[in-house]
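In: following is a predicted model, sequence given first.
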Amino acid sequence: MSQPAIWLGVSLKMYFSYQQTLTWCRDVAELARRHPAIQQGEVGLFVLPAYPAIPAVAEIFADTPVRFGGQDVCQAENGAWTGEVSASMLQELGCSLAEIGHAERRRHFHEDKTQIAAKVAMSLRHGLTPVLCIGEEQEGEPAQAIALCQQQLAEALDNAGQQGLQGSVFFAYEPQWAIGAPQPAPDSYIRAVCAGLRDLQTPDGIDLQVIYGGSAGPGLIQRLAGDVDGLFLGRFAHDPKALAQIIDEASALLKEIR
Ligand SMILES: O=C[C@H](O)COP(=O)(O)O
């Protein structure tokens, strides 16, 4: 089966309790089982729950095409890294993704470009698709955002390129000023930046899917009309009905543009 034309990813961050996470995932699994666009592989769905919920989430999504992964991953293979979770353990639990470099981790945990590049390489080495979060801090011109993202992307993929690692990377373009906001960045801004990001060069064997995150919700995917490969959702996917609506919109958009 070919790759989905539109990807919808959801990070649950630390919003839900354990039981709330399982309830939400059961609703999403049910949605995935009955939605033709998900079942036919036209729209892809992935979920990033908190670490302790991963084994239960794996069971819930077992008979669905929904992918799941960690909200972070350790840069080291294994050893004396208290509190960290290795790429190999994520893989062992059935994860196929690892989120890396989210603005909140850069802000609260001072993650830097060296750690991020090491995490990307470690993920690819273990067959995990990095969900690499990049975006400018302040609102400016699209050209400035593209230049900054280009530099951050090159730094993040540097180790992987040098090691000849191959695989897919979700490039989650998240302007930091639009995360946790009442609404996403303006449509024209997102379209201009994402169109530029899709043209960026990557090391041989690494392909990018550009998805937009930052207060994304119902209505946005159709307004971006094919300039992005998908959305990276947070709060506005907490209501499963809203997520169902976004899947419907993605499916309708594919019918329009094909
Ligand atoms: O991980 C998801 C993004 O940071 C977006 O979160 P948000 O939609 O709640 O702003």
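Out: Looks like it arrived, so ask away. Numbering: from 1, shown residues only.

In: now do the helices in this structure.
Out: With DSSP state H applied, the chain shows helices at 18-34, 36-39, 54-60, 87-92, 103-109, 113-125, 142-162, 187-198, 220-224, 240-257, listed in chain order.

In: of these, which approaches Leu8 most closely?
Out: The minimum distance between Leu8 and the helices of the chain falls on helix 240-257, with 6.1 Å, by CB to CB. All C-beta atoms are positioned from the backbone trio N, CA, C, and that covers glycine.

In: now the angle from the closest one to helix 18-34?
Out: 30 degrees (axes from the mean of the first three to the mean of the last three CA atoms, to 10 degrees).

In: contact partners for Ile134?
Out: 101, 149, 152-153, 156, 171-174 (CB atoms under 8 Å, 6 or more residues apart in numbering).

In: is it bridged to anything, and to what?
Out: Tyr173 (DSSP bridges).

In: Ile6 touches Leu254, doesn't it?
Out: Yes - assessed by CB atoms under 8 Å, Ile6 is found in contact with Leu254 at 6.4 Å.

In: need the residues touching each of these two.
Out: With CB under 8 Å, 6+ apart as the test, Ile6 and Leu254 both reach 42-43.

In: neighbour-wise, which of these two wins?
Out: Ile6 (25 against 17; other CB atoms under 10 Å).

In: and the residue nearest to Gln163 when sequence neighbours are not counted, how far is that from Met89?
Out: Excluding the flanking residues, the one nearest Gln163 by CB to CB, 6 or more residues apart in numbering is Ala121, at 5.8 Å. Noted for Ala121: a distance of 17 Å to Met89, by CB to CB, to the nearest Å.

In: name the residue in those two with the higher neighbour count.
Out: Ala121 (22 against 17).

In: let me know the pLDDT of that one.
Out: Model confidence at Ala121, expressed as pLDDT, equals 98.

In: so how far is the ligand from it?
Out: 22 Å (CB to the nearest ligand atom, to the nearest Å).

In: thought that residue was touching Gly167?
Out: No - using CB under 8 Å, Ala121 makes no contact with Gly167, being 10.4 Å away.

In: how many residues are close by Trp177?
Out: Trp177, neighbours per other CB under 10 Å, totals 16.

In: tell me the contacts of it?
Out: Counted by CB under 8 Å, 6+ apart, Trp177 has contacts 136-139, 185, 214.

In: closest to the ligand among those?
Out: Gly214 (5.4 Å; CB to the nearest ligand atom).

In: and the gap between the closest residue to Glu155 other than its chain neighbours and Leu200?
Out: Nearest residue to Glu155, sequence neighbours excluded (CB to CB, 6+ apart): Lys113, at 4.5 Å. To Leu200, Lys113 is 16 Å away according to CB to CB.

In: same thing with Pro240?
Out: Here the criterion is CB to CB. By it, Pro240 lies 34 Å from Leu200.

In: same check, this time on Glu104
Out: 24 Å.

In: now do Gly135
Out: 14 Å.

In: neighbour-wise, which of those two wins?
Out: Legend: neighbour count by other CB under 10 Å for Gly135 and Leu200, higher for Gly135 (24 against 15).

In: OK, contacts around the more buried one?
Out: Gly135 neighbours (CB under 8 Å, 6+ apart): 103, 145, 149, 173-176, 178-179, 214.
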